[in-house]
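Participant: Need coordinates for the below:
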Amino acid sequence: MISKKPTKKLTIRMQVTLLCIALTVLVVVLCWVINSTCLERYYLWNKEKNLYEAYKSFNTAAVEGVLDTEEYDIEWQKICGKYNISAIILDADSKSIKCSSNEVDMLMRQLMEYLFKPSGSVWEPGAQIIEETEKMTLQITKDPRIKTEYLELWGVLDNGNLFLMRSAMESIKDSVEISNQFLAYAGLIAIVIGTCFVHFLSKTISRPILELAEISDKMKGLDFDVKYRGNGTAEIDTLGKNINELSQTLEITISELKTANNELQRDIEKKEKIDEMRREFLSNVSHELKTPIALIQGYAEGLKEGIHDDEESKEFYCSVIMDEAAKMNTMVKKLMTLNQLEFGNDPIVMERFDLVALINNCLQSASILIRQKDALVKIEDYQPIYVWADEFKIEEVFLNYLSNALNHLDGERLINIRLDENEDKIRLSVFNTGEPIADEALPYLWDKFYKADKARTREYGGSGIGLSIVKAIMESHHQNYGVNNFENGVEFWVELSASEV
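Facilitator: Got it, this is the predicted structure:
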């Protein structure tokens, strides 16, 4: 198999050079063609215009009667010299009034022949009339002696004087030939000089393009260190700056992709841990429901079999069943609430409310339970303190803290509720006297189903979900929460955004 050699491509510098040379040649050739085809016609049109301008001046002078004055002699000479024409004017008796050349007899004879001989008899073959009116004729004739073509205008002025004006056309043809020769030489010189200049200029143009090509080639290999160094405002410099920005963006994006890939790998590694947490969650739920279900089942069977027929025993059995069912119902409701919070199905409704009023209302609602627990609740007589939060969810946070404090009371059986202002934050803390929480248990208090004192939690029917709900609510508010141990008790706290009255 014969391998094909790669085709050598022209460099951009050579392409620009060849393009400019081709453009220069095209312009020169186009100018030469236009010069050859149109310049003679333009000269002829210009000569016709000059003859008519001279005719107007002569005619006006004749009508005003100043044609033979010395003042008009200067104007006569200017017109004949400016337009390069030979002119003669005769009166009604065929006598010369004005003549611009020494060939008075020849011009007079030529005019008489035009006026009195039959049409066509005085012209050489090929002579042509361009325009003819009652008073004048514009024509091209050829002198039979010297074989020279003339553009002539002859006829009668408005005052009856006869006139003849002529301009040689050989100068027009000579001018066209000279102009074409000069254009050819000038074009050749322009091509040579332009080629050298363009070849040098193309190097300046191609250098930044080649630099950009090198940068893009390195970017293809994920090398983003090379940057375009131009600082101009031309399109290529703008392209270079855009490539620099693209390089930086690609570097950041690739870095982010690699980071995301590493995080994905970590997520994959955590998959088993998540599965383990799921299994642990199911195990905890099963464990929490197993005891009340067993109690309900046992006491229900006892009622069915009539182990005790007295009304007091039946009432006790029914009370146990109802109590255990209520615990399960409470736990299920808390799990549903926690699930909605964690998955964002229960949106936060931010509103401004009086936190002091909320606390007082909650304490009033829980007054019976407080008396049952023989608790002493202390709270200062605060003025209204306004915060921004979801009022109903903050009420649930406070009730969880209050319930937790009532269920773990000991010693002085004191519950102290405080509100502390710190710049734009309000800290709500609930302290209860009793045994401090073990240090090793503190990090796990906010986990679902975690119970620091399982025996005591079971005693009051706790499910280990209340503090998890507090955590979910406060994190949905993007606010801090926590717990502090003291020698004589425990303090739970949350922070809320303050609002001016």
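Participant: mean confidence for the longest strand along the chain?
Facilitator: As assigned by DSSP state E, the longest strand anywhere in the chain is strand 489-499. For strand 489-499, mean pLDDT is 92.
Participant: can you pull out the strands in the stretch 51-200 of the chain?
Facilitator: Ranges of strands in the stretch 51-200 of the chain, per DSSP state E, counting those that start in this stretch, are 86-90, 96-99, 128-132, 136-143, 148-156, 162-168.
Participant: so which of these gets nearest Val470?
Facilitator: Set against Val470 and scored by C-beta to C-beta, these come closest in strand 128-132, at 110.2 Å. Where you see a C-beta, it was placed from the backbone N, CA and C, and this is true even at glycine.
Participant: If you count neighbours, what's buried in the closest one?
Facilitator: For strand 128-132, burial by neighbour count (16 or more other C-beta atoms under 10 Å) applies to no residue.
Participant: How far does it sit from its chain's centre?
Facilitator: Mean-position distance between strand 128-132 and its chain equals 68 Å (C-alpha atoms, centre = their mean, to the nearest Å).
Participant: who touches that strand?
Facilitator: Here strand 128-132 makes contact (C-beta atoms under 8 Å, 6 or more residues apart in numbering) with Glu48, Thr137, Leu138, Gln139, Ile140.
Participant: returning to that earlier point: tell me which strands and helices the longest strand of the chain is in contact with?
Facilitator: strand 386-389, helix 391-407, strand 425-433, helix 466-476, strand 481-486 (3 or more C-beta pairs under 8 Å, 6 or more residues apart in numbering; DSSP states H and E).
Participant: could you redo the last one with a cut-off of 6 Å?
Facilitator: On a contact count with 3 or more C-beta pairs under 6 Å, 6 or more residues apart in numbering; DSSP states H and E, strand 489-499 meets strand 386-389, strand 425-433, strand 481-486.
Participant: tell me the angle of the last one relative to strand 425-433?
Facilitator: Looking back up the chat, that one is strand 481-486. If you take axes from the mean of the first three to the mean of the last three C-alpha atoms, to 10 degrees, strand 481-486 sits at 40 degrees to strand 425-433.
Participant: Each with direction, which strands does strand 481-486 pair with?
Facilitator: strand 489-499 (antiparallel) (DSSP bridges).
Participant: can you check the longest one too?
Facilitator: Looking at strand 425-433 with DSSP bridges, its paired strands and their directions are strand 414-422 (antiparallel), strand 489-499 (antiparallel).
Participant: out of these, which comes closest to Cys196?
Facilitator: Proximity to Cys196, assessed across those by C-beta to C-beta, is greatest for strand 489-499 (75.8 Å).
Participant: What are the contacting residues of that closest one?
Facilitator: With C-beta atoms under 6 Å, 6 or more residues apart in numbering as the contact definition, strand 489-499 has outside contacts at 352, 386-389, 397, 401, 424-434, 437, 474, 479-484.
Participant: residue nearest the centroid of the chain?
Facilitator: Note on the chain: the residue nearest the mean C-alpha position is Asn242, at 12.6 Å, using C-alpha atoms, centre = their mean.
Participant: element containing that one?
Facilitator: Element membership for Asn242 (DSSP states H and E) is helix 235-305.
Participant: Could you tell me the end-to-end distance of stretch 474-486?
Facilitator: 23 Å (C-alpha to C-alpha, to the nearest Å).
Participant: looking at the strands of the stretch 51-200 of the chain, which is closest to Gln364?
Facilitator: Among these, the nearest to Gln364 by C-beta to C-beta is strand 128-132 (119.6 Å).
Participant: Partner strands of that closest one and their direction?
Facilitator: Partners of strand 128-132 in the sheet, by DSSP bridges, are strand 136-143 (antiparallel).
Participant: rewinding a little: of the contacts of strand 128-132, buried ones?
Facilitator: Burial by neighbour count, 16+ other C-beta under 10 Å: within these this picks out Glu48, Thr137, Leu138, Gln139, Ile140.
Participant: Columns distance to Thr238 and pLDDT on top of those residues, output as JSON lines?
Facilitator: JSON lines is the format used below for the buried ones among the contacts of strand 128-132 (distance: C-beta to C-beta, whole Å; pLDDT from 0 to 100):
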{"residue": "Glu48", "distance to Thr238": "55", "pLDDT": "87"}
{"residue": "Thr137", "distance to Thr238": "67", "pLDDT": "89"}
{"residue": "Leu138", "distance to Thr238": "61", "pLDDT": "90"}
{"residue": "Gln139", "distance to Thr238": "64", "pLDDT": "88"}
{"residue": "Ile140", "distance to Thr238": "61", "pLDDT": "86"}
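Participant: Can I get the residues you listed in TSV including distance to Asn407?
Facilitator: Below are these laid out as TSV (distance: C-beta to C-beta, whole Å):
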residue	distance to Asn407
Glu48	121
Thr137	132
Leu138	126
Gln139	130
Ile140	128
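Participant: Quick check: buried residues in stretch 402-411?
Facilitator: Buried residues in stretch 402-411 (16+ other C-beta under 10 Å): Leu402, Ser403, Asn404, Ala405, Leu406, Asn407, His408, Leu409.
Participant: how close does the third one sit to Phe486?
Facilitator: Okay, so that is Asn404. Per C-beta to C-beta, to the nearest Å, Asn404 is found 15 Å from Phe486.
Participant: got it, and the fifth one?
Facilitator: Using C-beta to C-beta, one gets 18 Å for the distance from Leu406 to Phe486.
Participant: what's the answer for the fourth one, then?
Facilitator: In this view, Ala405 and Phe486 are 13 Å apart by C-beta to C-beta.
Participant: Pull the number of nearby residues for the residue nearest to Gly187 when sequence neighbours are not counted.
Facilitator: Leaving aside its chain neighbours, Gly187 sits nearest to Val28 (3.2 Å; criterion: C-beta to C-beta, 6 or more residues apart in numbering). Look at Val28: counted by other C-beta atoms under 10 Å, it has 17 neighbours.
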